[in-house]
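Q: the amino acid sequence is not available; the structure is as follows:
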């Protein structure tokens with residue numbers, strides 16, 4: 001918050017560096033995993049691919065935060081989305097994703113970090129983009145607008161840019177560009193790779209957003225273009241610095257604004273980058289300002305640095321409607337000397353800001369007034385707050401009935417979003433100016449990710465505030481969602497509704513305080529003063545809090561109801577946690593669920609004799625209702641998880657079953673759906689499956705990434721959509737898993753799925769969607785270099801098939817199902833379409849594991865167009881034998897092919913071509 005910056009400390013903390021190869025993860029940002037099922041977060045026109053969930057190549061490594069920070073200082077992993085990133089340090093290292101959006105990609109936005117210069121001030125470098133393995137373009141990157149240091153005196157949470165002071169923070173910047181050449185087609189691969197020409201010592205890759213922006217909008221009727229008033233575009237890339245040759249369009253644009261106001265016209269900003277040079281901003285009142293789109297129309301502020309003149313915002317707007325343009329600047333921090341001015345200061349009545357993208361400014365929106373709306377906008381890589389709704393902007397004294405909805409905010413230097421009700425401000429002479437407390441502020445369906453210097457969302461004072469269905473993730477050092485009052489000069493918070501929000505991997509060790517993920521009460525910024533009363537906190541999901549899930553400081557009449565707190569790295573719900581005193585207060589705490597606790601941690605603690613907490617109907621109350629890992633220790637991943645070792649806690653906590661049918665009481669007293677198994681290794685399996693039932697397992701995941709889950713299952717008949725795996729928030733990680741017919745309840749086979757898991761303690765749920773099968777175990781294996789089956793789930797074709805044995809069976813992941821050609825009619829072939837040309841160096845062919853030995857004579861052909869095929873592996877006879885799991889491996893020099901075809905000319909076991917699994921591997 002600009003009027004009183006939030007504070008917090010940094011350091012390099014417990015990290016794991018691993019040569020992790022993960023499959024691509026498509027995360028619609030509106031629905032980063034936890035948001036997918038809860039409805040929390042913004043709906044956006046792009047998809048985000050986390051680097052750590054991509055395929056790592058050439059020795060690239062992933063770095064993950066695996067334990068709560070032990071110091072107040074920062075690290076790249078603490079600031080990264082997902083608290084993980086990929087580092088490229090050597091030539092040939094890279095990360096690859098597949099375009100699974102189902103649409104073409106024409107634009108990329110990359111969140112990354114390259115080194116500072118030795119003396120500060122940043123550096124520039126390129127990073128190469130490949131599409132389907134073919135070089136497409138070099139991306140221009142810089143570190144001129146990142147890297148602060150906190151090791152010097154009084155520099156904590158400041159903007160010191162001297163590397164000699166140590167303890168760095170603010171590592172990541174964001175850079176966006178259009179893709180040159182053809183659009184990246186669905187199914188094509190996207191690779192970012194460090195080549196010899198890419199000279200940065202390292203590249204930390206966090207996340208890339210991919211999209212297909214619509215064409216630039218046309219100039220609307222009854223509008224006045226800024227170019228008609230003399231504004232001149234300069235489209236030379238800025239890359240962290242202004243173009244010294246650009247024309248200053250400040251006066252021309254202001255003149256156009258004045259004309260538009262007097263003529264009641266729309267102000268039009270056409271495609272192009274238009275410079276404001278100097279320290280003067282633009283002022284407008286009562287008009288519409290429209291651009292061609294946030295990817296096309298840019299107002300760029302070029303402040304001569306160092307700067308000694310106070311800066312107004314780029315736009316000072318009163319009762320205006322603005323939409324569809326981009327704001328940027330050459331500032332290097334939020335300080336005046338570094339050009340740190342706001343993007344858009346707004347006030348008045350019924351104003352609207354729609355589809356505005358702000359970057360490299362002090363704050364995105366600093367807005368007051370009555371009846372305003374910020375919607376569909378992006379704020380990325382800014383120095384202070386992303387969207388601050390207040391009662392002081394432009395010297396206004398009210399902030400009522402303002403809405404922020406469907407906005408995306410990432411990488412802010414202070415609060416991602418804030419409701420900032422100021423009671424008074426004091427000038428340099430000690431005179432106080434008082435303001436009307438804010439009311440009826442609404443924040444709904446927003447996404448806030450990775451604020452590096454503040455909270456995710458802060459609710460500071462006022463009444464009737466409504467914060468619902470927002471997605472908050474990966475705060476670096478502070479509270480994820482704070483509900484209270486701001487400092488000594490903030491308004492009391494008298495009523496607020498906080499409902500349906502998802503808070504993931506949040507909290508932090510700012511000021512060495514171990515701050516909770518969700519906090520209710522005064523003292524949100526170290527000032528333990530003021531009233532926080534009648535806050536309703538319901539139906540929120542808090543996952544993987546870095547410290548406590550929910551914390552209370554002094555507050556009264558809070559209702560904490562039906563919230564889910566899963567796998568916090570400290571305790572579940574705590575009254576008066578360290579540094580958040582609650583000498584008095586009251587709360588009703590009912591219907592909440594706390595699961596996935598580590599050893600020695602508690603679901604609920606009241607550390608204050610003066611705080612009255614009335615608790616009822618919570619998961620930790622009553623006998624046997626505390627969830628925890630079976631045996632007290634979370635199952636290690638990678639590793640084997642026995643199905644019978646579901647979490648403790650009983651019905652509705654560790655498991656949910658419609659009836660208790662099991663006979664395995666000798667193993668577990670509940671005997672829920674357990675029976676002795678005949679599968680390898682013995683023990684027990686989970687049976688009596690039925691739609692709607694589920695079992696939870698607490699895992700300790702060594703490193704973030706993609707894991708192959710091999711499930712031992714038995715099913716008399718095939719079951720379509722039998723199960724899916726979900727995380728603690730309910731997000732579907734695996735998609736529907738189909739199970740083959742094994743012929744009996746104790747006839748076992750292996751079914752596989754892939755899931756992307758963050759590092760640390762997690763709770764995984766096996767959801768039974770359709771019954772008719774048993775489960776014995778789940779084997780988790782990290783995908784390693786070259787271990788992504790490129791053919792999995794891909795379309796197939798064939799020369800022929802007989803009966804119910806089509807070619808689609810060869811890519812369904814089920815060794816028991818198979819393709820069989822027409823009989824007595826060699827040659828026959830089966831083919832896989834990889835979706836785009838891929839580098840392939842190995843093909844694995846399987847027959848059902850229970851079949852007897854046989855020889856098949858076959859060759860492997862390849863094609864890039866599906867018409868012209870060449871020989872990849874010459875014809876030879878291969879033996880399938882049960883002793884080798886009826887598996888044959890064909891190796892060959894790596895070749896780039898889209899279509900792979902196995903042509904079969906003989907089979908000693910049956911007069912037809914037969915294949916159950918057709919796998920294609922990079923190496």
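A: Great, that's in hand. Note that this is a predicted model, so its numbers are computed, not measured.
Q: identify the residues contacting the residue lying farthest from the centre of the chain.
A: Within the chain, residue 824 marks the point farthest from the mean C-alpha position, 53.5 Å out by CA atoms, centre = their mean. Listed by CB atoms under 8 Å, 6 or more residues apart in numbering, the contact set of residue 824 reads 911-912. Placement of C-beta: from N, CA and C, glycine included.
Q: measure it to residue 905 for me?
A: 13 Å (CB to CB, to the nearest Å).
Q: so where do the helices sit in this structure?
A: For the chain, applying DSSP state H gives helices covering 35-38, 76-79, 250-263.
Q: tabulate the ones you listed (JSON lines), appending distance to residue 240 and mean pLDDT.
A: Putting these into JSON lines (distance: least, CB to CB, whole Å; pLDDT from 0 to 100) gives the following:
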{"stretch": "helix 35-38", "distance to residue 240": "32", "mean pLDDT": "40"}
{"stretch": "helix 76-79", "distance to residue 240": "18", "mean pLDDT": "97"}
{"stretch": "helix 250-263", "distance to residue 240": "21", "mean pLDDT": "98"}
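Q: deepest-packed of these, please.
A: The highest mean neighbour count among the helices of the chain, using mean count of other CB atoms under 10 Å, belongs to helix 76-79: a mean of 27.
Q: for that one, packing partners?
A: strand 61-65, strand 84-88 (3 or more CB pairs under 8 Å, 6 or more residues apart in numbering; DSSP states H and E).
Q: include distance to residue 263, mean pLDDT and mean neighbour count when you put those into JSON lines, please.
A: JSON lines is the format used below for those (distance: least, CB to CB, whole Å; pLDDT from 0 to 100; neighbours: other CB atoms under 10 Å):
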{"stretch": "strand 61-65", "distance to residue 263": "56", "mean pLDDT": "96", "mean neighbour count": "25"}
{"stretch": "strand 84-88", "distance to residue 263": "51", "mean pLDDT": "98", "mean neighbour count": "27"}
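Q: between those strands, which gets nearest to residue 698?
A: The closest of the helices and strands packed on helix 76-79 to residue 698 is strand 61-65. By CB to CB, the value is 18.3 Å.
Q: quick check: buried residues in stretch 315-328?
A: Using 16 or more other CB atoms under 10 Å as the test for burial, stretch 315-328 gives 315-328.
Q: now do stretch 236-245
A: 238, 240-243.
Q: kindly report the same for stretch 529-546.
A: Of the residues in stretch 529-546, 530-546 count as buried by neighbour count, 16+ other CB under 10 Å.
Q: equivalent analysis for stretch 818-830, please.
A: Under the neighbour-count criterion of 16+ other CB under 10 Å, stretch 818-830 has 818-821, 826, 828-830 buried.
Q: quick one: mean pLDDT for it?
A: Mean pLDDT, stretch 818-830: 94.
Q: how far does that stretch sit from the chain's center?
A: Averaging C-alpha positions (CA atoms, centre = their mean, to the nearest Å) puts stretch 818-830 46 Å from its chain's average.
Q: endpoints of it, how far apart?
A: End-to-end span of stretch 818-830 (CA to CA, to the nearest Å): 11 Å.
Q: on that earlier part again, and the furthest pair within the buried residues of stretch 236-245?
A: Taking CB to CB as the measure, the buried residues of stretch 236-245 span a maximum distance of 11.4 Å, between 240 and 243.
Q: run a quick neighbour tally on the closest residue to residue 388 other than its chain neighbours.
A: Nearest non-adjacent residue to residue 388, counting by CB to CB, 6 or more residues apart in numbering: residue 418, 4.8 Å away. By the measure other CB atoms under 10 Å, the count of residues near residue 418 is 31.
Q: alright, that wraps it up for me.
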